[in-house]
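> Any chance you can model this:
(2 chains)
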Amino acid sequence: MKRSIVFLVLVASMLNAQVTGLSGWNIFVDPGHSQTENMGVNGYSEAEEVLQTALHLRQLLLSKTDIDTVWSSRYTDQDDVGLSERSTDANNRGASWYHSIHSNAGSTTQNNVLLLWGELWDGTPDPPVGGEAMSDIMVDLLADVMRIPQHSWGSTGDCSFYGICTQSGFQGPYLSVNRRTNMPSELSEQGHHTNPPQNQLDMNTDYTRMLAYSMFWTILDNFEIARPYPGILAGIITNSETGVRVNGASIQVNGQTYTTDTYESLFNQFPNGDEFHNGFYFFEDLPDTTLEVVVSADGYFSDTLVVAAMSPDFVTFRDILLVPSIPPFVVESSPSAGESSFSAFSNPSITFSRAMEETSTALAFSIDPPSAGTITFSADQKQMTFQVQDSLDFVTNYTMSVAGTAVDLMGRPLDGNQDSVGGDDWSIQFSTSPQDVSPPFVNATTPLNGSSTVDQKPIINLVWNEELNPNSINSDLVIFERVSNGQVQAFTLEHHVINSRSVLVIYSTNDLLDSEAYRIRLLSGFEDLYGNVRTVETEMNFSTTNFGYQVENIDRFEANAANYWWEITASGSNSGILAPLCTRSFVTDLSVFTAIDNTSLKLSYGWDTNASSWLIREYLSGGPGRDVHFNSNKIMQAFIFGDGNGNKFRFCVDDNISGSGAHEVSPWYIVDWYGWKLVAWDMAVDGTGSWIGDGTLNGTLEFDSIQLSHTPGQSNVGTYYIDNLRVVTRNYLGVDEMELQQPSELALLPNYPNPFNPWTTIPFTLVNDAHINIRVYNLRGETVATLLSGKLAPGYHETRWNASDVSSGVYLIRLEANGLTKTQKVMVIK
Amino acid sequence: MASSLLAKDIIVKNTQMILGDNKTPFYFPSYTVDGKSILLTQNAYTGLWILDRSSEDIRKITNAQGAGFEPRSLTDGAVIYRHDEYQKGRKFTSLYKDRATENQLIADAARFVSPANMVNDRLIYLIDEAPAILNGSSGRSEHNLEDYTTVLNDKLTLKLFQSGEVSVIAPQGEGNYIWSELSPTFDKLVYAKTGAGTFVSDLQGNIISELGFVHAPHWSPDGEYLVYMKDLDDGVQYTASEIWIVSYDGLQSWKITDTPEKIELYPQWAPDGEHVIYHSLHGEIIETTIEIVE
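This is a model prediction of the structure:
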């Protein structure tokens, strides 16, 4: 009886198995991490994603082949399995092979496939060999199935990839699963869970099944076993106009129906799931014949295509573009409906939901009272602009309309009232503002006028009530002087426009005297965009401190910064964000003036005003900045270029880093200023804010992250620039007049860097008080820029040139002082 | 029993690096039965070496793959090790005995050969779920399972062999059980279920103590304590690990290492009960001397 049962089971197993050749072989599959570790950018973790892949791979091997056994290091996302448990489990079982499944993390735009096999420090494979050959096959198949590139390293040894194995140190393999297993092994990275479209695809279990197929085929290829016919048809359904993947599309083939994921079916499990799409569909075990595929979705024209031949041993991909059936409508306009102070000098514009046919749309446009002008379209034909010939009338009520005769490129008429039926008009009313007849004025400064604790190398921000005409801004209109004797100080002037306001940023290019009074004078001549000229002087006074700083830089955001700072959306700590608006980049167009760097960190944020809490954690994941260790007696500082929107900023550090450290944060700083401000967290005095730590700065500290938050009622979008992140201690040895070293000659010193783009620093020395000019000329002798003009004290000075407005080439810098001149060549390379 | 445990304390007397040549890293040290030598291996359990404590000589026993995975020693000083070979990707494990001239094959190649437990110089282990007894001295197979009490990790449970009876123990339900070990007093078990933690139970599976997420536990020779590692990882590499000793009831524990800059792994207790040996992430072999005081 017992024998007959065994016999029947064996027969059933053989009937089920299509593929032979794996009998006697077995594999330990290891879905990396546990529970919801390594959270993806859209809320689906690496641990969950790779578990799905592993379970599919196990099911495919057991159901389609004669394999003996497939173990898994975990079968649910409840288990918390450590590395030592994984390798021990596989070793104890006598497994023949070990495959660890992971996905990668990085920026929101990175997405690739990587395979890592065990490698020793000298480049040889870690015995027992086999992982390298398996990896070489899998990297191709996995990338082909995912239709994403391979990592630049492709399939490689883990020691080479991580670059830390040496004969006298860590000898490798680097990865624990390759190092502590006693069978051939490798680890796969199936794309990046920090990439939003990829993370949304990963949520679909059939997608992970498709990835598992690539691993299944890899095993067969490795053992030279023919792949069985899979009958897999898969692809992505996409809106032909917007490029957005379509939720809820129905795909019918061979009597089966697949519906792409929707908020109701899947995405409701994730924060912001109402914004998610993957458009993915998947069929398997379809017959090897010509197939008709019918695709339909609400709001789209149905489509039919024919698949003439299915791939005999791979996925047959068919991506489908669905054309929207709804008529075009107006998305937004400038001015908006009811706007009461539209500038008469501005050009009204209308943005449509899709590209419009230009002739019918231009003919359908009208403005009343009539105004002379021309109509233009954006390159994508979605935006139409009425270019006003002179100006609209001041303080006038207007009606702007587009008749229902306007049609899109498919001939569908405009749906003016958005009732999903085309052919009706769109119309708004607005009124224009009074003519601006007032000159501009400075209505805020950072630091405050009259401050007595200004740094010895200050940055002064003068914030205007409106935008200035850039042609009216000239450093000759700015005098920076010592109050006691009128001695002119060297400076660099920058102009920035934030929220329709001009900000003049004045960088002192030298250390000022300690505890000394200084004055900024803005002479008459500044002009607004409407020709109103300021005819009186503006004055701002301040005094310097009696201390400097002993500085230890965490990051000046120069070379390699992008390797260490995560994309904003990569952090699982974020909440209440509008992900597409949250970006981090490293820019040279706005950075703190220093002699040694020109790059700053730019953080753009977008807050979901419907959320109840808001947090961005911009994380420093590694690099030299993480190696800066300090204690709570330090002051943490960073220059923050504020947008004046009233949202919040703070620092975060890890404390007690030698033990079980926690995250501690500074108090929040309300960013209500425009331009640069040195934000300082005096940790011994200011205390901590509240987050996930215990509120006490214990032991040794290291920097963790910059954090932002929203202030309800304030603007939900904006941008900060951050530079010179550092820890400092006060140094009460300020610049004393007697300590200034007096140079022996007039000299124009070598600029640095050279060649450069766009900034260079130009140092020079004066022997006596002198009225100087520093100008830049091109080789035709034409003046390109005036960098400095005024009376300066003897000593060492610096000025700086932003060459972003000139082309590549050689230019001449000329210093004129008391009738003497010095000239040197500099080179701009772009 | 618990009151006597509570009255004791464990003092770390000394920690010394036995091997620390970075050019020749060794891993997974274990004492021989007499405590006079230490067995060592290298990456991925490839090869087996033996270090004589008195002469400090190191002798290579074999280059065989898998030889460093759970080697065993006999009371006469002989060493028995595994030799993994692959035929068309299939793994086969043989057992060899260390000999002065030529190492002796004592168990033919088989699949799914579990680590062996040692009882009276017998290796008791599973071959594809079936129990096997190998007399380490004679190299012959035996079948008198009723003479031995031991516990082995099976596919999804633990299997207790006692007086010829086989009982299945799965206190946390079916799953991946590892690191099971019978106490020298034959009345308690330590084991881990992956993802669930490490536990001490009686022989019926009744839990005596939960030790938490600690790994690679081993009994002290007197069966009163356990040594284990408390390791942390980031999913691809260890990030920290220290060695601890805990009383079997879980009420008292002692941190044997306290080195944040060093990752210590896989401790083993010496037969004399006064030493613990382990390796560092970078392949140093380290021994800590302890004293149990009243």
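> For the residue in the stretch 151-294 of chain B positioned nearest to chain A, which three-state class applies?
When distances are taken as Cβ to the nearest Cβ, the stretch 151-294 of chain B reaches nearest to chain A at residue B:195, 2.7 Å away. All C-beta spots, glycine's among them, are computed from the backbone N, C-alpha and C. Following DSSP: H, G, I helix; E, B strand; the rest coil, we place residue B:195 in the coil state.
> show me what contacts the spatially closest residue to it that is not a sequence neighbour?
Leaving aside its sequence neighbours, residue B:195 sits nearest to residue A:79 (Cβ to Cβ, 6 or more residues apart in numbering or on different chains; 2.7 Å). When contacts are counted by Cβ atoms under 8 Å, 6 or more residues apart in numbering or on different chains, residue A:79 touches A:34, A:35, B:194, B:195, B:196.
> and the last one, how far is that from residue B:253?
Look at residue B:196 and residue B:253: by Cβ to Cβ, to the nearest Å, they are 20 Å apart.
> likewise residue A:533?
Taken as Cβ to Cβ, the span from residue A:533 to residue B:253 is 80 Å.
> Among those two, which residue is more densely surrounded?
Taking other Cβ atoms under 10 Å in any protein chain shown, residue A:533 and residue B:253 do not tie; residue B:253 has more neighbours (18 against 13).
> what bridges to the more buried one?
For residue B:253, the beta-bridge partners under DSSP bridges are residue B:246.
> Was I right to think it contacts residue B:230?
No. Under the criterion of Cβ atoms under 8 Å, residue B:253 is not in contact with residue B:230, lying 9.5 Å apart.
> so what sits against both of those two?
With Cβ under 8 Å, 6+ apart, residue B:253 and residue B:230 have common neighbours residue B:244.
> Residue in chain A with the shortest distance to chain B?
Among the residues of chain A, residue A:79 lies closest to chain B, at 2.7 Å counting by Cβ to the nearest Cβ.
> show me where the stretch 201-350 of chain A has helices.
A:205-222 (DSSP state H, counting those that start in this stretch).
> can you list the residues of it near chain B?
Selection of the stretch 201-350 of chain A residues close to chain B by Cβ under 8 Å from any Cβ of the partner chain yields A:222, A:223.
> Residue A:371: neighbour count?
Counted with other Cβ under 10 Å, the neighbours of residue A:371 add up to 17.
> got it, and residue A:553?
16.
> Can you give me the pLDDT of it?
Here the pLDDT value assigned to residue A:553 is 91.
> hang on, residue A:539 is in a helix, isn't it?
No. Residue A:539 is assigned strand when assessed by three-state DSSP, not a helix.
> Specify the beta-bridge partners of the nearest residue to it once chain neighbours are set aside.
Excluding its sequence neighbours, the residue lying closest to residue A:539 (Cβ to Cβ, 6+ apart) is residue A:521, at 5.4 Å. Beta-bridge pairing of residue A:521, defined through DSSP bridges, involves residue A:479, residue A:539.
> need the contact list for residue A:74.
Contact analysis of residue A:74 by Cβ under 8 Å, 6+ apart lists A:31, A:34, A:51, A:81, B:194, B:195.
> same question, residue A:390
Taking Cβ under 8 Å, 6+ apart, we find residue A:390 in contact with residue A:372.
> Please identify which helix or strand holds it.
Secondary-structure assignment from DSSP states H and E places residue A:390 in no helical or strand segment.
> Model confidence score at it, please.
Looking at residue A:390, its pLDDT is 84.
> how close does it sit to residue A:430?
Taking Cβ to Cβ, one finds residue A:390 at 18 Å from residue A:430.
> Okay, strands next: where are they in the stretch 251-400 of chain A?
A:256-259, A:280-283, A:291-296, A:303-307, A:316-317, A:320-322, A:330-334, A:349-352, A:365-368, A:373-377, A:383-388, A:397-402 (DSSP state E, counting those that start in this stretch).
> Which residues outside the shortest one are in contact with it?
So the one you mean is strand A:316-317. Outside strand A:316-317, the residues touching it (Cβ under 8 Å, 6+ apart) are A:147, A:232, A:233, A:234, A:235, A:307, A:309, A:310.
> what pLDDT, on average, does that strand get?
For strand A:316-317, the per-residue pLDDT averages 98.
> so how far is it off the chain centroid?
Computed by Cα atoms, centre = their mean, to the nearest Å, the chain-centroid distance of strand A:316-317 equals 33 Å.
> Just checking: what are the partner strands of it?
Short version: by DSSP bridges, strand A:316-317 pairs with strand A:233-239 (parallel).
> what does the second one give?
For strand A:280-283, the paired strands and their directions (DSSP bridges) read strand A:233-239 (antiparallel).
> Same question for the last one.
For strand A:397-402, the paired strands and their directions (DSSP bridges) read strand A:365-368 (antiparallel), strand A:426-431 (antiparallel).
> deepest of these, which one?
strand A:426-431 (a mean of 18; mean count of other Cβ atoms under 10 Å in any protein chain shown).
> CA atoms of that one as PDB?
This file holds the C-alpha atoms of strand A:426-431, laid out as PDB (Å, rounded to 0.1, in the frame of the first residue of the first chain):
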ATOM      1  CA  TRP A 426     -15.000  78.800 -22.700                       C
ATOM      2  CA  SER A 427     -14.900  82.200 -21.300                       C
ATOM      3  CA  ILE A 428     -13.600  84.200 -18.200                       C
ATOM      4  CA  GLN A 429     -13.700  87.700 -16.900                       C
ATOM      5  CA  PHE A 430     -10.800  89.600 -15.400                       C
ATOM      6  CA  SER A 431      -9.700  93.100 -14.800                       C
END
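> avg pLDDT for the helix or strand just after it?
Using DSSP H and E, the helix or strand that follows strand A:426-431 in sequence is strand A:442-446. In this model, strand A:442-446 has a mean pLDDT of 93.
> Check which helices and strands strand A:442-446 is in contact with.
If contacts are counted by 3 or more Cβ pairs under 8 Å, 6 or more residues apart in numbering or on different chains; DSSP states H and E, strand A:442-446 sits against strand A:459-464, strand A:538-543, strand A:674-682.
> closest one to residue A:820 among these?
Across the helices and strands packed on strand A:442-446, the minimum distance to residue A:820, taken as Cβ to Cβ, is reached by strand A:459-464, at 30.2 Å.
> avg pLDDT for the closest one?
Averaged across strand A:459-464, pLDDT comes to 95.
> now do stretch A:508-527
91.
> start to end distance for it?
24 Å (Cα to Cα, to the nearest Å).
> where along the stretch 51-200 of chain A do the strands fall?
Under DSSP E, counting those that start in this stretch, the stretch 51-200 of chain A gives strands at A:69-72, A:98-104, A:113-117, A:150-157, A:185-192.
> so who does residue B:112 touch?
Per Cβ under 8 Å, 6+ apart, neighbours of residue B:112: A:93, A:94, B:126, B:127, B:128, B:129.
> roughly how far apart are it and residue A:26?
As judged by Cβ to Cβ, residue B:112 and residue A:26 stand 8 Å apart.
> Likewise for residue A:516?
80 Å.
> between the two, who's got more neighbours?
Per other Cβ under 10 Å, whichever of residue A:516 and residue A:26 has more neighbours is residue A:26, with 22 against 19.
> Would you mind confirming that that one makes contact with residue A:72?
No. Counting by Cβ under 8 Å, residue A:72 is not a contact partner of residue A:26; they are 11.9 Å apart.
> Need the strands of the stretch 51-200 of chain A in a markdown table (columns: mean neighbour count).
Below are the strands of the stretch 51-200 of chain A laid out as a markdown table (neighbours: other Cβ atoms under 10 Å in any protein chain shown):
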| stretch | mean neighbour count |
| --- | --- |
| strand A:69-72 | 20 |
| strand A:98-104 | 26 |
| strand A:113-117 | 28 |
| strand A:150-157 | 18 |
| strand A:185-192 | 27 |
